[in-house]
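>>> next one to model:
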Amino acid sequence: MTGRGTATDRCPHLGFDPAPGDADLVREMQRKLSDCAREMERARAKVTKLMAGSYWEGDAAVAFRERLEGGPLPLTLENGARSVAEAAGQLDLWAAELEEFQRRARRLDGEAKDAREALRRSREHAEGADRKVTAAQGELDDVLRRARALAGEHEETARKRARHIGDAAYRSAPKEPDAWDRFTDWVGDNLPDILSACAAVLGVIALLGLTAIAPWMLFLAAGLLSATAFTLRVGDPEVLASLEDGFTKGELDIDFWGNLLGTAGDFLGTLPGLGGGGERRLPRTPLSRRVRGVAVTRGRGRPGADARAETREGRQQRRDVLQGGRGLDQI
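Prediction:
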């Protein structure tokens with residue numbers, strides 16, 4: 001029984017279908033899922049053999065194994081195949097159960113047909129009509145009651161199979177990473193670059209004096225960040241392999257130059273005076289002398305009256321610098 005058509009077509013004498021569904025369609029879905037599980041298992045086996053190094057050799061094979069080693073692909077294929085196989089098994093059970101439910105529904109529909117026919121005949125005979133009508137009606141009500149019980153059993157079993165399929169997907173199917181997982185993966189992949197950028201920002205802030213923190217503290221923090229980034233880079237096997245291939249085999253691709261510049265920049269960032277840790281002085285110009293005069297004048301403040309005292313020359317120099325007055329045209 002395919003289960004196609006309306007409820008009246010499938011069970012015309014019951015008036016409703018206590019076991020809706022298409023067993024043939026369920027069987028077809030079960031076969032497709034089983035084929036999918038077998039293909040995923042074959043893919044996992046091939047990936048495992050390729051990573052073992054017995055079927056593929058050469059530079060491409062080495063790069064392929066380095067890319068997949070410790071990665072989630074083999075485990076994802078294994079878990080995915082198991083999940084799909086479990087779902088196919090649940091569909092196979094449901095197909096058998098659905099066929100049994102529909103067989104019972106057909107039998108009840110036949111009993112309902114006989115009960116309705118008996119009820120019709122009893123109504124046509126005048127002698128003893130009331131007693132026969134009551135008996136026929138009771139028989140029909142009993143058939144309908146069993147049909148409704150079958151419908152409840154069908155629905156409960158369908159929910160159970162759907163729950164088992166959902167559980168199989170939740171336990172074994174590959175999980176789609178959420179936003180936090182994607183963010184942490186991105187940070188882990190780009191951590192050396194992030195540390196290098198933070199070190200550069202701290203160096204610029206220290207050179208420009210954009211904060212009240214002592215510059216030597218900012219330079220120290222920048223050097224520590226650069227040292228950490230340098231350690232992460234030289235500890236990455238892919239970075240070392242790229243640099244080695246570039247120097248020994250002449251593979252000067254974009255990865256080589258990116259790794260070389262990143263490693264060299266982080267190394268220089270750890271050296272005082274090269275990575276932003278050296279003292280920078282303003283050039284000897286009339287404007288710079290005025291800036292120093294303002295800074296010295298400000299630095300002479302003391303608590304009390306001395307802190308409010310400022311020489312006329314210092315006030316005039318600061319006014320010239322802030323307002324772009326005379327002296328700028330003399331630089």
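>>> for the rest of this, base every contact and every neighbour count on C-alpha atoms.
Will do.
>>> got the buried residues for stretch 250-262?
Within stretch 250-262, the residues that count as buried by 16 or more other C-alpha atoms under 10 Å are 256, 259, 260, 262.
>>> ok, which pair from those residues is furthest apart?
Spatially, the most separated pair among the buried residues of stretch 250-262 is 256 and 262, at 9.9 Å (C-alpha to C-alpha).
>>> how about the buried residues of stretch 250-262 in TSV, adding pLDDT and distance to residue 197?
Shown next, in TSV, are those (pLDDT from 0 to 100; distance: C-alpha to C-alpha, whole Å):
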residue	pLDDT	distance to residue 197
256	81	20
259	79	15
260	82	16
262	81	11
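>>> longest helix anywhere in the protein?
Assignment by DSSP state H gives helix 73-124 as the longest helix of the chain.
>>> chain center to that helix, what's the gap?
Helix 73-124 has its C-alpha centroid displaced from the chain centroid by 38 Å (C-alpha atoms, centre = their mean, to the nearest Å).
>>> where do the helices sit along the stretch 151-300 of the chain?
179-189, 191-208, 215-234, 237-248, 254-269, 286-299 (DSSP state H, counting those that start in this stretch).
>>> pick the most buried one from these.
Among the helices of the stretch 151-300 of the chain, ranked by average contacts under mean count of other C-alpha atoms under 10 Å, first place goes to helix 215-234 (a mean of 21).
>>> same question for it, mean pLDDT?
For helix 215-234, mean pLDDT is 82.
>>> likewise stretch 119-135?
Mean pLDDT, stretch 119-135: 74.
>>> any idea which helix or strand carries residue 130?
Counting by DSSP states H and E, the element that carries residue 130 is helix 129-172.
>>> any idea of the angle that helix forms with helix 73-124?
With axes from the mean of the first three to the mean of the last three C-alpha atoms, to 10 degrees as the basis, helix 129-172 and helix 73-124 are set at 180 degrees to each other.
>>> name the helices or strands packed onto helix 129-172?
helix 73-124 (3 or more C-alpha pairs under 8 Å, 6 or more residues apart in numbering; DSSP states H and E).
>>> in the protein, where is pLDDT below threshold?
Applying pLDDT under 70 to the chain flags residues 1-8, 53-55, 57-58, 70, 126-129, 171-178, 272-331.
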